[in-house]
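# based on what follows, work out the 3D shape:
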Amino acid sequence: MDEHEIARRASSLPCRFADRISSGTLEIIELMDGGGEYGELTIELAASLAADNTPVTAAERDELLALLEAMSMPTDPIGKLNVQG
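The predicted model follows:
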């Protein structure tokens, strides 16, 4: 995954998860997106989803994991996600 693909995929996350995260978290990750902080955006989103026990699909989990790994970010929150289905 190259930098452009990482940016494209990470930038889609705030809209995709907007209805499942708090407005405060959404605001934070939108600011991170605007600043090109894609690793921080992804880990903040994953940590928030895990902390709130928010249901995610296996495909969503895999997407978050792939992004974190591509950016050499910690993947700890991924194991704590509430994967449904």
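# regarding the residue positioned nearest the centre of the chain, what is its secondary structure?
For the chain, residue 42 is the residue whose C-alpha lies nearest the centre (C-alpha atoms, centre = their mean; 3.4 Å). Secondary structure, DSSP: H, G, I helix; E, B strand; the rest coil: residue 42 is helix.
# nearest residue to it in space, please, no chain neighbours.
Ranked by C-beta to C-beta, 6 or more residues apart in numbering and with sequence neighbours excluded, the top spatial neighbour of residue 42 is residue 67, at 4.8 Å. To be clear about C-beta, it is placed using only N, CA and C from the backbone, and glycine gets the same treatment.
# show me what contacts that neighbour?
Each residue near residue 67 by C-beta atoms under 8 Å, 6 or more residues apart in numbering is listed here: 1, 6, 9-10, 38, 42, 73.
# among those residues, which ones are buried?
Buried subset of the contacts of residue 67 (neighbour count, 16 or more other C-beta atoms under 10 Å): 6, 9-10, 38, 42, 73.
# taking those one by one, which sit in helices?
6, 9-10, 38, 42 (DSSP state H).
# which one of the contacts of residue 67 is nearest residue 84?
residue 42 (19.9 Å; C-beta to C-beta).
# what sits against that closest one?
Counting by C-beta under 8 Å, 6+ apart, residue 42 makes contact with 10, 13, 64, 67-68, 71, 73.
# and the pLDDT at it?
We have a pLDDT of 98 for residue 42.
# looking at the contacts of residue 42, which are in strands?
Applying DSSP state E to these, no entry is found in strands.
# adding pLDDT and distance to residue 21, write those out as TSV.
Shown next, in TSV, are the contacts of residue 42 (pLDDT from 0 to 100; distance: C-beta to C-beta, whole Å):
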residue	pLDDT	distance to residue 21
10	97	15
13	97	10
64	98	13
67	97	16
68	98	17
71	97	20
73	96	18
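# distance of the closest residue to residue 68 other than its chain neighbours from residue 47?
Here the nearest residue to residue 68 in space, its sequence neighbours aside, is residue 75; by C-beta to C-beta, 6+ apart that works out to 4.9 Å. Applying C-beta to C-beta, to the nearest Å, the value for residue 75 to residue 47 is 11 Å.
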